[in-house]
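Visitor: Mind looking at a prediction? Sequence and model below.
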Amino acid sequence: MPKAKLGMSPIAWWNDDLPELSDDVSLEECLRQSRSAGFTGMEKGRRFPEDPATMLPILKAADVTLCGGWFSGTLVNEELAANQDRIAPMIELFKAVDAPCIVYGEVGRSIQGDRTKPLATKPKLSDDEMKEYARRVTSFGEWCAGQGMPLSDHPPMAAVVETEPELEAFMRHSGEGIPLLLDAGHLAFAGGDVLRAIDNHHARINHVHVKDIRRAVVDGLDRTRQSFLDAVALGAFTVPGDGSLDFGAIVQRFADYGYEGWFVVEAEQPPKENPPLRMAQVGYKELMRVMSAAGYTVETQGFPA
């Protein structure tokens, strides 16, 4: 039986791009709520300390392990060396707390954090630009792995790799040195086929975000007028069990290919209407249902003994 670990992203509690969508809780309370719902991991957020000597006791007290964290990459418009300098302290931190990977998210040219930019104005790369970008990200992934910390490339909405055709081009021109994070919600939002992406790229997937979408909200967007952040504020994203994606089929497909590792709930949405603890409980219940049906053994230990 394949093994899985279930984690969460703190974006359900604190939204970095839209502070008004943040729940005013401490790091310790965020971890407590997530762990009480059943999750054994948490990705890094803005309220986490940068010193492992400070972070480790907090994680241990909460019985939670650090299961990843976002790095804002700029390889589409900045040199490799600049990104290496910025990620180096994060690599050392993640190694010290035994995290599985760093999530690489491209923010160069992205409109993800700009509420004045409609979804339809997202940046696009020419074929030659995509080839060069993929080569550069591969080199960066190889360098990070050589430093002792693998990356997981996350193609998000509003960035240079967003749609399924863009993902296919990126994967075709990049190499095994840069593994893939499959985010079901972002890919579905972009009009992609999640199961087909798993079929095509399962050998490179080393991290999974189980983000759900509310199809009615996504389909109702005016992409020539509304931004990514507008969509978030309207509730485009949610947890498994509260949205429109078939996570039974998605998780089964991962099991079919023998994927073992983290499934991380990342669901930014208005916390007043969708209290983070309640949504964590909904997401965990649904994931445990579909994990059991797919034959996964879900690890229940948090911080390593």
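Guide: All right, it came through fine. Numbers count the residues shown, from 1 in each chain.

Visitor: contacts, neighbours, all on C-alpha from now
Guide: Noted.

Visitor: What ranges in this structure fall below the confidence cut-off?
Guide: Within the chain, no stretch has pLDDT under 70.

Visitor: After the helix or strand hosting E132, which helix or strand is next?
Guide: If you go by DSSP states H and E, E132 is part of helix 127-146. Note on helix 127-146: by DSSP H and E, the next helix or strand toward the C-terminus is strand 151-154.

Visitor: for whichever helix or strand comes after that following strand, which positions count as buried?
Guide: As assigned by DSSP H and E, the chain's next helix or strand after strand 151-154 is helix 164-173. Across helix 164-173, burial judged by 16 or more other CA atoms under 10 Å covers 164, 166-167, 169-171.

Visitor: CA atoms only for helix 164-173, dumped as CSV, please.
Guide: Taking Å, rounded to 0.1, in the frame of the first residue of the first chain, the C-alpha atoms of helix 164-173 are listed here in CSV:
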residue,chain,number,x,y,z
GLU,A,164,-2.0,23.1,-19.6
PRO,A,165,-0.3,23.9,-23.0
GLU,A,166,2.2,26.1,-21.1
LEU,A,167,2.8,23.4,-18.6
GLU,A,168,3.4,20.9,-21.5
ALA,A,169,5.9,23.2,-23.1
PHE,A,170,7.7,23.8,-19.9
MET,A,171,7.9,20.1,-19.1
ARG,A,172,9.1,19.3,-22.6
HIS,A,173,12.0,21.8,-22.5
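
Visitor: how far out from the middle of the chain is it?
Guide: Distance of helix 164-173 from the chain centroid (CA atoms, centre = their mean, to the nearest Å) equals 18 Å.

Visitor: which other helices and strands contact it?
Guide: When contacts are defined as 3 or more CA pairs under 8 Å, 6 or more residues apart in numbering; DSSP states H and E, helix 164-173 packs onto helix 127-146.

Visitor: who touches the helix it packs on?
Guide: Outside helix 127-146, the residues within contact range by CA atoms under 8 Å, 6 or more residues apart in numbering are 75-76, 80, 84, 91, 150-151, 169-171, 173-179.

Visitor: List buried residues within these.
Guide: Buried, going by 16+ other CA under 10 Å: 75-76, 80, 91, 150-151, 169-171, 174-175, 177-179, out of the contacts of helix 127-146.

Visitor: closest to D63 among those?
Guide: I91 (22.3 Å; CA to CA).

Visitor: ok, now which residue in this structure is the farthest from the centroid?
Guide: Going by CA atoms, centre = their mean, the residue of the chain most distant from its centre is D128, 27.2 Å out.

Visitor: Verify the stated contact: E28 with I58.
Guide: Yes - E28 is within contact range of I58, at 7.1 Å (criterion: CA atoms under 8 Å).

Visitor: These two: which is more packed in?
Guide: Taking neighbours as other CA atoms under 10 Å, E28 and I58 compare with I58 leading, 18 against 14.

Visitor: Now do the SS call for the more buried one.
Guide: Look at I58: counting by DSSP: H, G, I helix; E, B strand; the rest coil, its state is helix.

Visitor: and the gap between it and R35?
Guide: As judged by CA to CA, to the nearest Å, I58 and R35 stand 13 Å apart.

Visitor: burial measure for R225, as a count.
Guide: The number of residues packed near R225 is 13, by other CA under 10 Å.

Visitor: so who does it touch?
Guide: Neighbour list for R225: 117-120 [criterion: CA under 8 Å, 6+ apart].

Visitor: Run through the bridge partners of the residue most central in space within the chain.
Guide: What sits nearest the mean C-alpha location of the chain, by CA atoms, centre = their mean, is H209, with 4.8 Å. Under DSSP bridges, the beta-bridge partners of H209 are D183, V264.

Visitor: Could you verify my assumption that it touches F263?
Guide: Yes - look at H209 against F263 with CA under 8 Å: they come within range, at 5.7 Å.

Visitor: returning to that earlier point: among the buried residues of helix 164-173, which one sits closest to R196?
Guide: Using CA to CA, these come closest to R196 at E164, 9.5 Å.

Visitor: List phi and psi for the residue nearest to that closest one when sequence neighbours are not counted.
Guide: Nearest residue to E164, sequence neighbours excluded (CA to CA, 6 or more residues apart in numbering): G192, at 5.0 Å. As for G192, its main-chain torsions (degrees, to the nearest 10) stand at phi -90, psi 170.
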